[in-house]
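1. 3D model of this:
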Amino acid sequence: MGLNEDLFHALNGAGNPALDPLMVGLGVVGLLYIAILWAFPLWFGNRRREAMDLVVLLLLDALLVLLLKNAFQVPRPFTVPSIGARVLAVPLDDVADYSFPSGHTTRAFAAAILLTARTRRWRWGVPLFAYATLMAVSRVYVGVHWPSDVVGGAILGIVWGYGFQRFAGIPWYEVRRDRLVAWLERFGASARG
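-> The predicted structure follows:
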């Protein structure tokens, strides 16, 4: 067996009554349409630029991951009969696509980078990166990703988070983001009365 398979078997621990619900819960929280909800506390906390940047980061991340999955076409561990993966079903998690890189992991690390850079406080960074690391472990634990998928996803998320942080400082993007934020604020004000 290779290192990837050995690590997979060490982490694929479905069957632990204490950890199973936590790992399944992380899988749900890491879904794209749930992760986008992280923008609401930022928006209503008057961090509207950060909220909009987070949504854009996550949407572009999903596109990037989709393109890479289709380029690499790595089969998921549970589709390889010789692996004997123990799989926990994560509600609403579509695992019919390819495996590399892990979208949950990429999303979690990219968001951790962006939000840590924006707050400039490591007291926020430590829990964000702990969450991202747990997200990565959970994907192997529930049996839907190889360890190489989550390591690749973590690296991609970190690079993407830093890259997006730089991109978000380009005046062309800032002007358009700020216009959209202003429009949403006006729309919200008119909807309230």
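2. residues of the helix or strand hosting F187 that come out buried?
-> Secondary structure assigned from DSSP states H and E places F187 in helix 171-192. Buried residues in helix 171-192, counted by 16 or more other CB atoms under 10 Å: 177, 181. C-beta here means a position set from N, CA and C on the backbone, and glycine is covered the same way.
3. same deal with stretch 129-145?
-> Quick answer for stretch 129-145 (16+ other CB under 10 Å): 129, 131-145.
4. pull the residues that contact that stretch.
-> Stretch 129-145 is contacted from outside by 7-8, 11-14, 19, 22-24, 26-27, 30, 76-78, 85-88, 90, 93, 95, 99, 102, 104-105, 108-109, 111-112, 116, 146-147, 149-151, 153-154, 157, using CB atoms under 8 Å, 6 or more residues apart in numbering.
5. out of those residues, which are buried?
-> Among the contacts of stretch 129-145, those classed as buried by 16+ other CB under 10 Å are 7-8, 11-14, 23-24, 26-27, 30, 76-78, 85, 88, 90, 93, 95, 99, 102, 104-105, 108-109, 111-112, 116, 146-147, 149-151, 153-154, 157.
6. among those residues, which are in helices?
-> Among these, the residues falling in helices (DSSP state H) are 7-8, 11, 23-24, 26-27, 104-105, 108-109, 111-112, 116, 147, 149-151, 153-154, 157.
7. would you mind checking the average pLDDT for the longest helix along the chain?
-> In the chain, assigned by DSSP H, the helix with the most residues is helix 48-72. In this model, helix 48-72 has a mean pLDDT of 94.
8. cheers, nothing more for now.
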